[in-house]
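Participant: mind looking at a prediction? Sequence and model below.
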Amino acid sequence: MHTLGDASYSGPPFRLTSRSIVMSESLAAPEKNFALDFVERNRQALALLSDSVFYFGELGMQEHRSAQLMSGILEEHGFAVERGISGFPTGFMATYGKGSPVIALHTEYDANPSNSQKAGVAEPAEITPSAPGHCEGHNVNAAVLVSAALALRHAMERFKIPGTLRVFGAPAEEQLISRPYFVRDGYFDDVDVAFHDHISSDLRTDYGLMQSAMVSATFTFRGESAHAAVAPWKGRDALDAVVLMDMGVAQYREHMMPTMSAQRVITNGGEQPNVIPAKAAVWWYFRDVNAEGARKLFDQAKKIAQGAALMTNTEVEVEVMAAVWPSRGNQVMAEAVQRNIEAIGLPSWTEEEQSFALALQKKAGVKEEGLRRRPAPLSGPSKQGSSSNDSGDVSWKVPMVRVQFPANVPGISYHHWAAGAALATSIAHKGGLAGAKALAASVLDFLRDPALVAAAKEGFRREIGEMSYRPLLPEGQKPPVELNAVAMAKFRPLMEAHYVRERPVFRV
C-alpha cells in the first residue's frame, strides 16, 4: 500500500517549512509582494483550513461547520459578514472596503455522498464507511478563497487601495444550486468583475464557454398502495411510473441533439416488494451547451413524466432543484490571470509526492505521468465541456474568470475514490498555496488598474453579444434547505471523531 505522509490526521502532513514556490521578478509590485508574502507566511493556516473542511465532509445545503469556520475567519479580520443570503443557511457574503471597483470572489465547499476516502492512501480506503467525503476538492477551494481574500484585505489597508471585496460562500455546488439564487436576488448587480477558484491538477485558467447549462429536477409520482401478491389490482404503482419515465427518456435519447445529456438516480423506489409503492421519486439532471437547450430538454422530460403518470393512473409533481447557465470565462481577465500564473509557477514537488502520484495513477488505471511541473499555456477559446457549475449564472451577469490550481493528481476523475486521496496531503497544500497566490495577485491587478476593469467589461459585452441573461430558475423558487439533512444527521456523529481540533489562525 502506497501512502503519503500520515493518513491518520495529526496536523497537516508534510508541514511546509520553506517557500514552496519560486517567485518571479514580474511580481515585484509592493502590494503584490505583501499579499503573496501574507499567503506564504500563513501557509500552515491555509493547510489547516483545507484539512478541516476535508474532514467535515459536509454534503450540499448542510455545510454548517465549513461555512461557519470560513465566515468566522473572515469576520475576525474585519469583513462584514451577512449569513443566510438568499435563504441559504450555509451561504454567506463577506464584504471589505468601499467604492469601486467592486470585485467578487466566490467558491464552494460541499462534499459528495459515499465518497469517504483516507488522505495519503493510494487505494480505496474509507475514513467512515459509506459516509460523505471530498472527492473533488472543494475543501481546498475554501482554503484558497479565504487565504487570498485575507491577503487582499490586508494589502488594501496597508497600501490604501480603494475598492470593495465581496467574498461569497456558495453552498451545494454539487447539486448546482446556490449562485443562480444569488444572481437572481441582486447580490451581483453592482459587481464589476468576479473570480471563481477551483481545484485542478494544473495551475491554469480559460476563457470562452467552459461548461454546460443544466436543469435539475425531481419527479415525484403518487399512486395507491396494495398487497403486491394478494390484490395488486387495487394498487396504483408509483414505481412503475418512475420506470416508464426512465424508459421514455431512454427512447427519446435517439432524438436528442448530440450536445444534450441526461442523468438520473431513483431516490425513492418503495419500501418492500410485497407493498405496491404509493410514492416513488426520481431525480434528473438535463444538460445542453446553452440554457435554452437545457430548458427544452427539461420541458420534453415533463411531457414524458406526464405520459408515465397517465399510463399508471398516478399523479406526478415536478420540482426544480436548480437551473444554471453554462460557465464562461472572460478573455481579458484570463490573460491577466495567466500572466500571474506564469510568474508564480507550479510548486516544487518532492520525490515522495511524485511517487505517490504515480502510484495513485497506476491504481486508478490512468496515464502514469506524475505531477505537472509547468503551468498550462493559455489557449482558447476553451473546448466546452459536458459538466456544469452553478457559477455559470455569475459569468453571464458580469465578467468572470476561473483560477484553477494544482491540488490534485493528473488524470484522476472527480467523484472517484482516487480523487480524494491527495486532498489532505502536501500535494493539496502546495497546490492551494499556488492558487491563493495566483488569485490574490490577479485581483490586485484589477483593484489597481481601472482600465483593466473597463477592458474586461467591454470584452464581456462583445463576448455575450445579443444574448440576454434571464434566470432559468422558476419565479419564486426557494432553496431546498432540507436537502441532505437526514444523511448528515446520520453520518456527522460518526465523522466527528476525525475532525481537526486545531483552529486555523491567519496572522498579519
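Facilitator: Sure thing, it's come through.

Participant: please count neighbours and contacts with C-alpha atoms only from this point.
Facilitator: Noted.

Participant: partners of W284 in the sheet?
Facilitator: W284 forms beta bridges with A217, R264, as assigned by DSSP bridges.

Participant: all strands of this protein, in order?
Facilitator: Under the criterion DSSP state E, strands of the chain are mapped to 80-83, 92-98, 102-107, 163-169, 193-200, 208-209, 213-222, 261-268, 279-288, 315-324, 328-329, 400-406.

Participant: quick one: closest of those to L452.
Facilitator: For the strands of the chain, the distance to L452 is smallest for strand 193-200, at 10.3 Å, taking C-alpha to C-alpha.

Participant: now the closest one - C-alpha only, CSV.
Facilitator: Extracted C-alpha coordinates of strand 193-200, given in CSV (Å, rounded to 0.1, in the frame of the first residue of the first chain):
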residue,chain,number,x,y,z
VAL,A,193,-15.7,41.6,-12.2
ALA,A,194,-15.8,38.2,-10.5
PHE,A,195,-13.3,35.5,-9.7
HIS,A,196,-14.0,31.8,-9.1
ASP,A,197,-11.4,29.4,-7.8
HIS,A,198,-11.5,25.7,-8.3
ILE,A,199,-9.2,22.7,-7.9
SER,A,200,-7.4,21.1,-10.8
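
Participant: how far does it sit from its chain's centre?
Facilitator: Strand 193-200 has its C-alpha centroid displaced from the chain centroid by 9 Å (C-alpha atoms, centre = their mean, to the nearest Å).

Participant: which elements pack onto it?
Facilitator: The contact analysis (3 or more C-alpha pairs under 8 Å, 6 or more residues apart in numbering; DSSP states H and E) places strand 193-200 against strand 102-107, helix 138-158, strand 400-406, helix 426-448, helix 450-464.

Participant: could you rerun that using 10 Å?
Facilitator: If you count contacts as 3 or more C-alpha pairs under 10 Å, 6 or more residues apart in numbering; DSSP states H and E, strand 193-200 packs onto strand 102-107, helix 138-158, strand 163-169, helix 331-344, helix 392-397, strand 400-406, helix 426-448, helix 450-464.

Participant: tell me who's in contact with V332.
Facilitator: By C-alpha atoms under 10 Å, 6 or more residues apart in numbering, the contact list for V332 reads 207, 338, 399-401, 452-460.

Participant: next one: it from G248, what distance?
Facilitator: 44 Å (C-alpha to C-alpha, to the nearest Å).

Participant: could you count how many residues lie near the residue lying closest to D51 once chain neighbours are set aside?
Facilitator: Distances taken as C-alpha to C-alpha, 6 or more residues apart in numbering put A424 closest to D51, at 5.3 Å, once the chain neighbours are dropped. When neighbours are counted by other C-alpha atoms under 10 Å, A424 registers 33.

Participant: and what of G248?
Facilitator: A total of 17 residues lie near G248 under the criterion other C-alpha under 10 Å.

Participant: ok, the residue lying closest to it once chain neighbours are set aside - contacts?
Facilitator: Once flanking residues are discounted, G248 sits nearest to I304: 6.1 Å by C-alpha to C-alpha, 6+ apart. Contacts for I304 (C-alpha under 10 Å, 6+ apart) come out as 244-249, 252, 298, 310.

Participant: run the last query once more with 8 Å
Facilitator: By C-alpha atoms under 8 Å, 6 or more residues apart in numbering, I304 lies in contact with 245, 248-249.

Participant: check L472 too.
Facilitator: 215, 291, 295, 323-325.

Participant: in TSV, list those residues along with pLDDT.
Facilitator: TSV is the format used below for those (pLDDT from 0 to 100):
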residue	pLDDT
V215	97
A291	95
R295	97
A323	96
V324	97
W325	97
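
Participant: ok, so of these, who is nearest E108?
Facilitator: Nearest to E108 out of the contacts of L472 is V324 (C-alpha to C-alpha; 15.2 Å).

Participant: dig out what that closest one forms beta bridges with.
Facilitator: The partner residues for V324, given DSSP bridges, come to M214.

Participant: what do you get for the one 4 residues further on?
Facilitator: The residues paired with R328 through beta bridges, assigned by DSSP bridges, are L209.

Participant: do you know how far it is from A334?
Facilitator: The gap separating R328 from A334 is 11 Å, by C-alpha to C-alpha.

Participant: same thing with A487?
Facilitator: In this view, A487 and A334 are 39 Å apart by C-alpha to C-alpha.

Participant: related to what we said a few turns ago, list only buried entries from the contacts of V332.
Facilitator: Buried members of these, scored by 16 or more other C-alpha atoms under 10 Å, are 207, 338, 399-401, 452-453, 456-457, 459-460.

Participant: from those, which is closest to A125?
Facilitator: Closest to A125 out of these is V401 (35.3 Å), distances taken as C-alpha to C-alpha.

Participant: grab the nearest non-local neighbour of that closest one.
Facilitator: Per C-alpha to C-alpha, 6+ apart, closest to V401 is G329, 4.8 Å.

Participant: please list all residues in contact with A131.
Facilitator: Taking C-alpha under 8 Å, 6+ apart, one finds 113-116, 491, 495 in contact with A131.
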